[in-house]
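In: fold the following.
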Amino acid sequence: MTKHYKRIPATENGRGATYTARSGRTYKITRHVNKPLFFLWKVVDGGYEKLCEMESPYDLYVVIDQLEGL
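Out: Here you go, the predicted model:
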C-alpha cells in the first residue's frame with residue numbers, strides 16, 4: 001500500500017515539473033536540494049501519492065511511460 005500525502009513535503013524544495021499523460025493522469029517530479037534525489041508523485045484526489053525516487057529525473061519519465069503502458 002502506498003502512502004498518500006496532503007502536501008508534498010517541504011524537503012522537496014528544488015525545481016520540479018508537472019507532467020500530464022495522455023490518459024489525463026497528472027504526475028509531479030520534485031527535487032530534494034540537499035540530496036541528489038528526484039521524486040515522482042501521482043496527483044490523486046486530496047493530495048499526492050509518492051511512487052518512487054531516483055537520481056535522475058529522466059529515469060522518472062521512463063517510469064511514467066511504464067505506468068501508462070507506453
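
In: which residues touch the spatially closest residue to Glu49 that is not a sequence neighbour?
Out: Nearest non-adjacent residue to Glu49, counting by C-beta to C-beta, 6 or more residues apart in numbering: Lys42, 4.5 Å away. In short, each C-beta sits where N, CA and C put it, glycine included. Going by C-beta atoms under 8 Å, 6 or more residues apart in numbering, Lys42 touches Arg25, Thr26, Tyr27, Tyr48, Glu49, Leu51.

In: now tell me what touches stretch 19-30 from outside.
Out: Applying C-beta under 8 Å, 6+ apart, the external contacts of stretch 19-30 come out as 8, 12, 14, 16-18, 38-43, 48, 51, 57, 60-61, 64, 68.

In: ok so, going back, okay, and which of the contacts of Lys42 map to strands?
Out: Counted as lying in strands by DSSP state E, out of these, are Thr26, Tyr27, Tyr48, Glu49, Leu51.

In: mind checking how far the first one is from Val33?
Out: Distance, Thr26 to Val33, by C-beta to C-beta, to the nearest Å: 23 Å.

In: again with the last one
Out: Relative to Val33, Leu51 is positioned 20 Å away (C-beta to C-beta).
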